[in-house]
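J.: I would like the atomic coordinates for the input below:
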Amino acid sequence: MQHTSFLDAVSVTKNYNDKKASGVNNISISIAPGKITAIVGESGSGKSTLLKLLFGLLSPDSGKVSFRGEEIWGPEIKLIPGHDDMRMVTQHTDDLNLFATVYENIAQLLPNTDIDYKASETERYLKQLNIYKLKDKRVADLSGGEKQRVAIARSLITKPEVLLLDEPFNQVDASFREGLQQNIRTIVQETGLTVILVSHDPAEVLSMADVLVVIKDGEIVESGTPEDLFRKPEMLYTAQLLSNRTVLNKEEALLCDIKTEKETVAISPEHVILTSSLTRKDWTVKQVLFKGFFEDVIIEKDGLELRALNLNKKEYKTGDKIHIRIAQFLEY
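T.: This is a model prediction of the structure:
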């Protein structure tokens, strides 16, 4: 079946101050419609630059960005930058009217030609983003996370084809973050909305995204499903982005009974199995960190420290001598 173009960037470069190390370089990407695509990378890797190029807030130095086969024009040509069929939400929520109510901020995006429709749609998005109880509050009186929900509701009520989110959950309290992520996933499933988000938090992208795009030094280095990239990342860079893995050289790996021909080994905390042994107690518990339903156990051997995830809380204490088994590791 022939591929139908949706949102594409072809050989796009955008540098700042003529420095190749800034922005993005020769990037090509095709965004799938009706999916959530997450762009991840270190700070300064070019994530937000790519997002702004896809939206039309920036013009590429070279290459082309197109939506449904038509070129997206940047601010040099388009008076109001940004594609008309897309909306972008950043962590700053600068476009909100602080002295209007939540209801007014959302409703004002719809015309007054059908008052009943305007009211019902506004209430629908207030409920969908879990801010109905705030509808009569001024935006100035809201928390950062509440403002973020209002900004997303404002963007969604105009029914864009693409919603772009730049670090959208930074100011959202952890207790509400998962609910907001689920709200967005539900909207995608129900409406076919396409979402592109930039995030530095692995937990966000692994639970939300259908597709992960990994960017390093302004270039896409790998992409795939969250599960594939988490379990079998091709690059050590990706392995470290998506999990708090301990990185060892060959000599350090031997201390963990790992023999490898590769230069580097990466181990996730959940794959460090703490065991009892009558003959080998060669690791020392240095610290036990309470994490709620589990513990992080910091262990040490000959100057090497590892982090283990322990579900059997209070089983170990500082100073205990134990043995370990590495259930799984990555080699690079």
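
J.: residues making contact with the host helix or strand of residue 28?
T.: Assigned by DSSP states H and E, residue 28 belongs to strand 19-31. With CB atoms under 8 Å, 6 or more residues apart in numbering as the test, strand 19-31 has contacts from 3, 5-16, 37, 44, 46, 49-50, 53-54, 63, 162, 194, 196, 213, 215, 217-220. Where you see a C-beta, it was placed from the backbone N, CA and C, and this is true even at glycine.

J.: what residue is smack in the middle of the chain?
T.: Geometric centre of the chain, nearest residue: residue 199, 3.2 Å, by CA atoms, centre = their mean.

J.: wait, that residue sits on residue 169?
T.: Yes. Contact criterion CB atoms under 8 Å: residue 199 and residue 169 qualify, at 7.3 Å.

J.: returning to that earlier point: out of the contacts of strand 19-31, list just those in strands.
T.: 7-16, 37, 63, 162, 194, 196, 213, 215, 219-220 (DSSP state E).

J.: which secondary structure elements does the lengthiest helix in the chain contact?
T.: With secondary structure taken from DSSP state H, the chain has its longest helix at helix 174-191. For helix 174-191, the packing partners by 3 or more CB pairs under 8 Å, 6 or more residues apart in numbering; DSSP states H and E come out as strand 36-40, helix 115-128, helix 144-157, strand 194-198, helix 202-208.

J.: In JSON lines: the ones you listed, plus mean neighbour count, distance to residue 317 and mean pLDDT.
T.: As requested, those are exported to JSON lines (neighbours: other CB atoms under 10 Å; distance: least, CB to CB, whole Å; pLDDT from 0 to 100):
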{"stretch": "strand 36-40", "mean neighbour count": "25", "distance to residue 317": "37", "mean pLDDT": "96"}
{"stretch": "helix 115-128", "mean neighbour count": "16", "distance to residue 317": "47", "mean pLDDT": "96"}
{"stretch": "helix 144-157", "mean neighbour count": "23", "distance to residue 317": "37", "mean pLDDT": "93"}
{"stretch": "strand 194-198", "mean neighbour count": "24", "distance to residue 317": "41", "mean pLDDT": "97"}
{"stretch": "helix 202-208", "mean neighbour count": "19", "distance to residue 317": "29", "mean pLDDT": "87"}
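
J.: who wins for proximity to residue 134 among those?
T.: helix 144-157 (6.1 Å; CB to CB).

J.: Dump the C-alpha coordinates for that closest one into CSV.
T.: Presented in CSV, the C-alpha positions along helix 144-157 are these (Å, rounded to 0.1, in the frame of the first residue of the first chain):
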residue,chain,number,x,y,z
GLY,A,144,1.0,25.8,37.5
GLY,A,145,-0.4,22.3,36.8
GLU,A,146,-4.0,23.6,36.7
LYS,A,147,-3.0,26.3,34.2
GLN,A,148,-1.4,23.6,32.1
ARG,A,149,-4.7,21.7,31.9
VAL,A,150,-6.5,24.9,30.9
ALA,A,151,-3.9,25.5,28.1
ILE,A,152,-4.4,22.0,26.8
ALA,A,153,-8.2,22.3,26.9
ARG,A,154,-7.9,25.6,25.0
SER,A,155,-5.9,23.9,22.3
LEU,A,156,-8.2,20.9,22.0
ILE,A,157,-11.5,22.7,21.8
